[in-house]
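Engineer: Give me a 3D structure for the following:
(one chain, ligands or ions: 3)
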Amino acid sequence: MTDRLPHEKGFHVSWDQLHRDARALAWRLQGEGPDEGGWRAVVAITRGGMAPAMIVARELDIRMVDTISVKSYNHQTQAEPKVIKSPDMDVVGDGTGVLVVDDLVDTGRTLEVVRKHMPKAHIATVYAKPMGRPQVNTFITEVSQDTWIFFPWDMALQYVEPYRGKD
Ligand SMILES: O=P(O)(O)OC[C@H]1O[C@H](OP(=O)(O)OP(=O)(O)O)[C@H](O)[C@@H]1O
Ligand code: HPA
Ligand SMILES: [Mg+2]
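Structural biologist: Ligands and ions are numbered 1, 2, ... in the order given. As a prediction, this is how the structure comes out:
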């Protein structure tokens with residue numbers, strides 16, 4: 001297990017923003033399938049890819065949805081990525097016509113593992129950091145490597161002090 005560089009900045013994503021960005025991803029992906037029929041299936045990388053994958057599958061009217069589970073982080077510390085659960089390989093095959101969706105790519109190590117399972121899949125993420133960009137076929141927003149993205153499922157509304165009065 002290796003400690004990662006400290007994250008100077010935070011990028012906080014609301015549910016509303018995530019919905020908008022996932023829909024933008026779907027918009028970009030429509031008509032990009034390998035043939036006229038479009039995409040055969042969506043595979044969500046759990047857990048972070050599940051909400052974006054649901055939104056993309058809804059927008060592109062894809063009913064065949066499966067998951068691959070790759071665990072690579074424990075809070076903000078990275079460990080060796082491990083596949084905990086594979087998709088149905090009879091359905092996804094080598095990945096041709098399959099859309100793999102994740103919330104973000106950071107170092108790209110998760111997607112490296114996923115690519116080995118489905119070499120011909122199209123990999124899409126909502127957000128991307130520069131190190132992982134080469135692993136992604138389509139993404140919406142790039143943030144710098146020293147930014148930690150906070151997703152709505154990891155946050156809660158809370159009181160903040162006004163600027164004045166904080167000394
Ligand atoms: O490009 P990488 O450096 O591999 O990092 C990106 C991956 O890390 C996070 O998942 P995580 O393994 O923390 O699991 P989770 O989706 O269940 O939160 C995130 O959702 C991506 O899947
Ligand atoms: O910036 C991030 N935010 C949330 N989860 C992550 N997993 C890797 N990088 C990140
Ligand atoms: Mg994840």
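
Engineer: can you map out the helices along this structure?
Structural biologist: 15-29, 50-60, 89-92, 109-117 (DSSP state H).

Engineer: is it possible to export those to a markdown table including mean pLDDT, mean neighbour count and distance to residue 8?
Structural biologist: Every residue, glycine included, has its C-beta placed from N, CA and C. Converted to a markdown table, the helices of the chain look like this (pLDDT from 0 to 100; neighbours: other C-beta atoms under 10 Å; distance: least, C-beta to C-beta, whole Å):
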| stretch | mean pLDDT | mean neighbour count | distance to residue 8 |
| --- | --- | --- | --- |
| helix 15-29 | 98 | 17 | 21 |
| helix 50-60 | 98 | 20 | 25 |
| helix 89-92 | 93 | 13 | 38 |
| helix 109-117 | 95 | 18 | 21 |
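
Engineer: which residues touch residue 52?
Structural biologist: 18, 22, 25, 44, 101, 102, 103, 125, 126 (C-beta atoms under 8 Å, 6 or more residues apart in numbering).

Engineer: Try it again at 7 Å.
Structural biologist: Contact partners of residue 52, counting by C-beta atoms under 7 Å, 6 or more residues apart in numbering, are 22, 25, 101, 103, 126.

Engineer: Excluding covalently adjacent residues, which one is nearest to residue 89?
Structural biologist: residue 117 (7.9 Å; C-beta to C-beta, 6 or more residues apart in numbering).

Engineer: Actually, residue 28.
Structural biologist: Nearest one to residue 28, counting by C-beta to C-beta, 6+ apart, is residue 138 at 5.7 Å.
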